[in-house]
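> How does the following fold in three dimensions:
(chains A, B, C and D)
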Number of protein chains: 4
Amino acid sequence: MSNAASTAPELVVQTWFNTDRPLLLSALRGRVVVLAAFQVLCPNSIAHGIPQARRIFETFAPDDVAVVGLHATFEHHDAYGTALLNAFLHEYRLKFPVALDRANPAGPIPHTMERYKMRGTPSLVLIDRRGLIRKHTFGAAEDLALGAEIGALIQEPPAESHARISVA
Amino acid sequence: MSNAASTAPELVVQTWFNTDRPLLLSALRGRVVVLAAFQVLCPNSIAHGIPQARRIFETFAPDDVAVVGLHATFEHHDAYGTALLNAFLHEYRLKFPVALDRANPAGPIPHTMERYKMRGTPSLVLIDRRGLIRKHTFGAAEDLALGAEIGALIQEPPAESHARISVA
Amino acid sequence: MSNAASTAPELVVQTWFNTDRPLLLSALRGRVVVLAAFQVLCPNSIAHGIPQARRIFETFAPDDVAVVGLHATFEHHDAYGTALLNAFLHEYRLKFPVALDRANPAGPIPHTMERYKMRGTPSLVLIDRRGLIRKHTFGAAEDLALGAEIGALIQEPPAESHARISVA
Amino acid sequence: MSNAASTAPELVVQTWFNTDRPLLLSALRGRVVVLAAFQVLCPNSIAHGIPQARRIFETFAPDDVAVVGLHATFEHHDAYGTALLNAFLHEYRLKFPVALDRANPAGPIPHTMERYKMRGTPSLVLIDRRGLIRKHTFGAAEDLALGAEIGALIQEPPAESHARISVA
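Next up is the predicted model:
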């Protein structure tokens, strides 16, 4: 995992699904966050990214790991909308919060994709308990290596403890 | 395969994709027709039905077997439209003709699904060279048995030859 | 399928399994025969060849299609024996007759492999109802195309009928 | 992972493969050890256990994780021997050390299986840097959860450091 970790920027969201109110990454500090970017019509997202995000959601305790989905695309904008995402989440039985990236009128790349400099879908971002980006992959990731990285991040102390130890 | 075969009814179509003009089953007489019904957000269609339809399209000679896709659904009607289907066919690289079933204002079941009494997706209908329905399955079908049935239908004489033999 | 079909030679067998007495291909005339050559330690045989042979055995009626296994190898001869084959057939729950190819003291290639000029495992030989070799593949074969070929061979008349029709 | 961890007993071995000299678990202290028990004729070992052991071997740094294979069986003893294991390791391209469990003349269960109270194959034992058994599973294990457990064990301090910290 990279050493020069930067703080994960907040998502810029058009619509949230599977959550009562907008979700802030800053409110998830203390937990490892897995941000899983996908696209409903991307074959690799459907075959690999989405099932892996669901496995992560089902494998780890919610107090340790929060899974957040992001529907992110720089094409087919007219094909995607709230009705489609609702139907998709229903059919694929996804229970974790999912954000629909906010389109940018100035160009094809929506705001969150641009902030994270995503190359496409599926993309996966690992954010540690302190809110730092520790890994950012494009394409299918191996479960074993990904599990090891999440398992290692879970072992790290959250921000406050870490600070206290550093001070001491 | 069933003995009491009935003639396959024509599709009732809102929009055709991957074809310059509307396609009639009657114009495909002489070929075995595989009608593959799917739904973009149906996990089993995406995991099994669509890849199998593509394998059929790539395995058999077009003069022997015509593959026709049908987007058929009795739910999520507001999620589906021309832009979505176009994007889907592009992303999944499907080259065979696909029909978007025509919605029925009187109820959730669109016209072609109703005519064929389809139970859902994926569904697969095998139509012989004479236009008779020889098999109709719901759910994932095994490649080996399906291949054998298509292979057997290919061996059957087309309508005219058959007629001539019968007369003689 | 090839046109210049030759008669399938009889197997040269060290030991038969899953059958009370030695099996002759000539005694299977009238049925399509699928000869599936495998090796217990060949990863592709275990991952593809053996499961496919079992699917063929389970898909087709025994009066139409006979499946015959052949353990064939030009290496690791000292690793294979009756005890191993018995254990293998038990663990993989194979019910069709299997022949252990007879070693040739003059070289590494056993007799049946040599007669059939097999290149390795998995290999698959399709023999029609009259005993003619109609297909011979090395490596994994696709279920759909293979099913179509078997389905077509089943439609062909057996030797006697064929003779009668020819005479008439 | 279990809390009441006990020290992993040494393997009782008839023959070692892929190593110049007998391997002692005590000599692997400081590394996480994955002991992967399999059987050449066990379908689940071949489909799941062996590929997973190889993925573990290829994913983690050898200084962090040592993979040790164990051929363990309470049946088919006459089918297994050195020639078979050599051929198997060659065909499946396994590079990590593998032990052939030593048969017990007094019964069907070989010595190492008995020491570890293994229920069959595939079995997987996770041993931490201090030599303690932290997990023992029978059957296919999920890569994601297994990766997380190995990733967490890698984060733990080895014996000496731990002792020093405890003393301080």
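> which residues sit in contact with the residue nearest to A:V40 when sequence neighbours are not counted?
Counting by C-beta to C-beta, 6 or more residues apart in numbering or on different chains, A:V40 lies nearest to A:F88, which is 5.2 Å off, once chain neighbours are set aside. The C-beta positions use only the backbone N, C-alpha and C, and glycine is treated the same way. For A:F88, the contact set (C-beta atoms under 8 Å, 6 or more residues apart in numbering or on different chains) comprises A:V40, A:L94, B:L41, B:A79.
> Which of the residues you listed fall in helices?
Among the contacts of A:F88, no member is found in helices (DSSP state H).
> Which of the residues you listed sits closest to D:R21?
Nearest to D:R21 among those: A:L94, at 52.0 Å, using C-beta to C-beta.
> Relative to A:I56, how far out is the closest one?
Note on A:L94: its distance to A:I56, by C-beta to C-beta, to the nearest Å, is 12 Å.
> so A:A148 sits right up against D:G147, yeah?
Yes. Between A:A148 and D:G147 there is a contact under C-beta atoms under 8 Å: 4.3 Å.
> I'd like the contacts of A:F88 as a markdown table, with pLDDT and neighbour count appended.
As requested, the contacts of A:F88 are exported to a markdown table (pLDDT from 0 to 100; neighbours: other C-beta atoms under 10 Å in any protein chain shown):
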| residue | pLDDT | neighbour count |
| --- | --- | --- |
| A:V40 | 96 | 26 |
| A:L94 | 98 | 20 |
| B:L41 | 96 | 26 |
| B:A79 | 87 | 24 |
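> can you list those in JSON lines and add distance to B:P122?
Formatted as JSON lines, those follow (distance: C-beta to C-beta, whole Å):
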{"residue": "A:V40", "distance to B:P122": "18"}
{"residue": "A:L94", "distance to B:P122": "21"}
{"residue": "B:L41", "distance to B:P122": "12"}
{"residue": "B:A79", "distance to B:P122": "18"}
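> ok, so of those residues, who is nearest A:F17?
Nearest to A:F17 among these, counting by C-beta to C-beta, is A:L94 at 8.5 Å.
> who's in contact with the closest one?
Each residue near A:L94 by C-beta under 8 Å, 6+ apart is listed here: A:N18, A:I50, A:A53, A:R54, A:G69, A:F88.
> And the helices in chain A, which stretches?
Applying DSSP H to chain A gives helices spanning A:43-44, A:50-59, A:82-91, A:111-115, A:143-155, A:159-167.
> Worst mean pLDDT among the ones you listed?
Of all these, mean pLDDT reaches its minimum on helix A:159-167 (a mean of 46).
> which of the residues in stretch A:5-14 are buried?
A:A5, A:A8, A:L11, A:V12, A:V13, A:Q14 (16 or more other C-beta atoms under 10 Å in any protein chain shown).
> Can you verify my assumption that the second one contacts A:V34?
Put plainly, it is A:A8. No. Judged on C-beta under 8 Å, A:A8 makes no contact with A:V34 at a distance of 11.2 Å.
> Find residues that contact each of the two.
A:V125, A:I127.
> which residues touch the closest residue to A:A8 other than its chain neighbours?
Nearest in space to A:A8, with sequence neighbours left out and distances taken as C-beta to C-beta, 6+ apart, is A:I127 at 4.5 Å. For A:I127, the contact set (C-beta under 8 Å, 6+ apart) comprises A:A8, A:L25, A:L28, A:V32, A:V33, A:V34, A:L35, A:I133, A:R134.
> give me the beta-bridge partners of A:D101?
Using DSSP bridges, the bridge partners assigned to A:D101 are A:V13.
> Contact residues of chain A facing chain D?
Within chain A, the positions adjacent to chain D are A:52, A:55-56, A:59-60, A:142-152, A:154-155 by C-beta under 8 Å from any C-beta of the partner chain.
> What's the local residue count around A:G107?
Neighbourhood size, A:G107 [other C-beta atoms under 10 Å in any protein chain shown]: 9.
> which residues does it bridge with?
Note on A:G107: beta-bridge partners by DSSP bridges are A:N104.
> Tell me the confidence at the residue nearest to the spatial centre of chain A?
With distances taken as C-alpha atoms, centre = their mean, chain A has A:L35 as the residue nearest its mean C-alpha position (1.0 Å). We note a pLDDT of 98 for A:L35 in this prediction.
> Work out the gap between stretch A:97-105 and the centre of the chain.
12 Å (C-alpha atoms, centre = their mean, to the nearest Å).
> Show me which positions of that stretch end up buried.
By neighbour count on 16+ other C-beta under 10 Å, the buried set for stretch A:97-105 is A:P97, A:V98, A:A99, A:L100, A:D101, A:A103.
> Tell me if I'm right that A:T59 and D:L144 touch.
Yes. Contact criterion C-beta under 8 Å: A:T59 and D:L144 qualify, at 5.1 Å.
> Show me which of those two is the more surrounded one.
Higher neighbour count among A:T59 and D:L144: D:L144, with 22 against 19, using other C-beta under 10 Å.
> Count the residues that sit near A:V33.
20.
> quick revisit: now the two most distant members of the contacts of A:F88.
A:L94 and B:A79 (15.2 Å).
> re the thing from before, which neighbours do A:T59 and D:L144 have in common?
A:G147.
> coming back round to it: what's the closest non-adjacent residue to the residue nearest to the centre of chain A?
Spatial nearest neighbour of A:L35, chain neighbours left out: A:V125 (4.1 Å); criterion: C-beta to C-beta, 6+ apart.
> and if you look at A:P62?
A:R31 (8.0 Å).
> Contact partners for that neighbour?
Listed by C-beta under 8 Å, 6+ apart, the contact set of A:R31 reads A:P62, A:D63, A:D64, A:V65, A:A66, A:R129.
> Which of those fall in strands?
Taking DSSP state E as the definition of strands, these contribute A:V65, A:A66.
> Can I get the contacts of A:R31 in JSON lines including pLDDT and neighbour count?
Converted to JSON lines, the contacts of A:R31 look like this (pLDDT from 0 to 100; neighbours: other C-beta under 10 Å):
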{"residue": "A:P62", "pLDDT": "97", "neighbour count": "10"}
{"residue": "A:D63", "pLDDT": "97", "neighbour count": "9"}
{"residue": "A:D64", "pLDDT": "98", "neighbour count": "17"}
{"residue": "A:V65", "pLDDT": "98", "neighbour count": "21"}
{"residue": "A:A66", "pLDDT": "98", "neighbour count": "22"}
{"residue": "A:R129", "pLDDT": "97", "neighbour count": "22"}
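> Pick the one among the contacts of A:R31 closest to C:R119.
A:V65 (49.6 Å).
> Can you check the distance spanned by stretch A:35-43, start to finish?
Stretch A:35-43 has an end-to-end distance of 19 Å (C-alpha to C-alpha, to the nearest Å).
> Please work out which residues outside it touch it.
A:8, A:11, A:45-46, A:49-50, A:52-53, A:56, A:67-73, A:76, A:79-80, A:84-85, A:88, A:113, A:116, A:118, A:120-127, B:40-41, B:84, B:87-88, B:91-92.
> count of neighbours near A:F60?
That count, for A:F60 with other C-beta under 10 Å as the rule, works out to 22.
> How about A:P22?
13.
> Skip the chain neighbours and tell me the closest residue to it.
Nearest non-adjacent residue to A:P22, counting by C-beta to C-beta, 6+ apart: A:W16, 5.6 Å away.
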